[in-house]
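> no FASTA, just this:
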């Protein structure tokens, strides 16, 4: 078996920043267990598999493809950065002729539009509802100790817990915060939570580069201790911060050690555009 494979750093214009994803192009159907074996071998937060929907399709001319995402441990229903990486590979390496691509996924149809300054993903927007602190107190204290909390919300659609840190903290505090992910699977093993979002109000009027909000994301339940830049988390963050700030257009920063930037625009129809850049850093052939 030989498969074209790429590694692309998503939500950054610079190599070795943002979030790396592997992207495989499937000319033919792949044995089901091979998806997970390849993702485990790649050992990145996500490996994406782009497949043809019909035998007569081709990667240069067609505008609709199937898309699946796997962490090193399991398949996931939605991944933003690996979708962005997949679109970049098709647009920039395969030279797909279309301006918009549609991906058929476990989260429905997702679109990626080519623009001069990046790629825009059309994603679902997921609301987060107030969460009682005492129900998740052990999880939060295990993760971040006695760090001050401003707000807690939960997204039932994505099973992500959003924890907003106190407005008294700044970006540097979030960047340097030591988060204990090793014990979270023992503390939360009900299946209710599959991802932990830590977020902080930004400084959109600051002298330095302005961001409306900051975040970090942790998903040890899916085999990913910390994900560097997470499109799926921003389907929840965008909903939350739009309500908090009264804004439809926002500039976000996920301030992991690699870091990444996202431009957010909410639709009137309850979806969200997430814009980002991609740096493709590797292309080759996977043999097995």
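Nice, thanks for sending it over. For clarity, every value in this text was computed on a predicted model and none was experimentally measured.

> quick one: contacts of the helix or strand harbouring residue 218?
Element membership for residue 218 (DSSP states H and E) is strand 213-219. Residues outside strand 213-219 that contact it (C-beta atoms under 8 Å, 6 or more residues apart in numbering) are 71, 143, 171, 174, 177, 179, 181, 184, 194-202, 224-227, 230, 233-234, 237, 241, 245, 250, 252-256. Using the backbone N, CA and C atoms, a C-beta is placed for each residue, glycine as well.

> what separates that strand from the chain centre, distance-wise?
Counting by C-alpha atoms, centre = their mean, to the nearest Å, strand 213-219 is centred 10 Å from the centre of its parent chain.

> So what are the sheet partners of that strand and their directions?
strand 195-201 (antiparallel), strand 224-227 (antiparallel), strand 249-254 (parallel) (DSSP bridges).

> The ones you listed: which one's closest to residue 278?
strand 249-254 (15.0 Å; C-beta to C-beta).

> and the closest one, what's its mean pLDDT?
Per-region confidence: strand 249-254 scores 97 on mean pLDDT.

> any idea how far the spatially closest residue to residue 281 that is not a sequence neighbour is from residue 8?
Once flanking residues are discounted, residue 281 sits nearest to residue 15: 4.9 Å by C-beta to C-beta, 6 or more residues apart in numbering. Using C-beta to C-beta, to the nearest Å, one obtains 10 Å as the distance from residue 15 to residue 8.

> Report the set of residues contacting both of the two.
279, 281.

> For those two, indicate the residue with more neighbours.
Neighbours were counted for residue 15 and for residue 8 using other C-beta atoms under 10 Å; residue 8 has more, 29 against 14.

> Is the more buried one bridged to anything, and to what?
residue 21, residue 280.

> contacting residues around it?
Here residue 8 is in contact with 20, 21, 23, 84, 85, 88, 89, 278, 279, 280, 281 (C-beta under 8 Å, 6+ apart).

> Was I right to think the first one contacts residue 9?
Read it as residue 20. Yes: if you go by C-beta atoms under 8 Å, residue 20 and residue 9 touch, sitting 5.2 Å apart.

> any chance you could map the helices in this structure?
32-42, 80-88, 133-144, 171-176, 184-187, 231-245 (DSSP state H).

> Look up how far residue 284 lies from residue 195.
Distance from residue 195 to residue 284, by C-beta to C-beta: 31 Å.

> between these two, who's got more neighbours?
residue 195 (23 against 10).

> what are the bridge partners for the more buried one, then?
residue 160.

> Count the residues that sit near the nearest residue to residue 288 once chain neighbours are set aside.
Spatial nearest neighbour of residue 288, excluding adjacent residues (C-beta to C-beta, 6+ apart): residue 1 at 4.9 Å. Residues within reach of residue 1, counting by other C-beta under 10 Å, total 10.

> so residue 1 sits right up against residue 37, yeah?
No: assessed by C-beta under 8 Å, residue 1 is found out of contact with residue 37, at 10.8 Å.

> Common neighbours of the two, please.
residue 288.

> ok, residue 285 - contacts?
2, 3, 4, 5.

> ok, for the third one, nearest residue in space, not its chain neighbours?
It refers to residue 4. Nearest to residue 4 is residue 25, by C-beta to C-beta, 6+ apart, at 4.5 Å.

> cool, residue 218 as well?
Nearest to residue 218 is residue 196, by C-beta to C-beta, 6+ apart, at 4.5 Å.

> and that neighbour, how many neighbours?
Neighbour tally, residue 196, other C-beta under 10 Å: 26.
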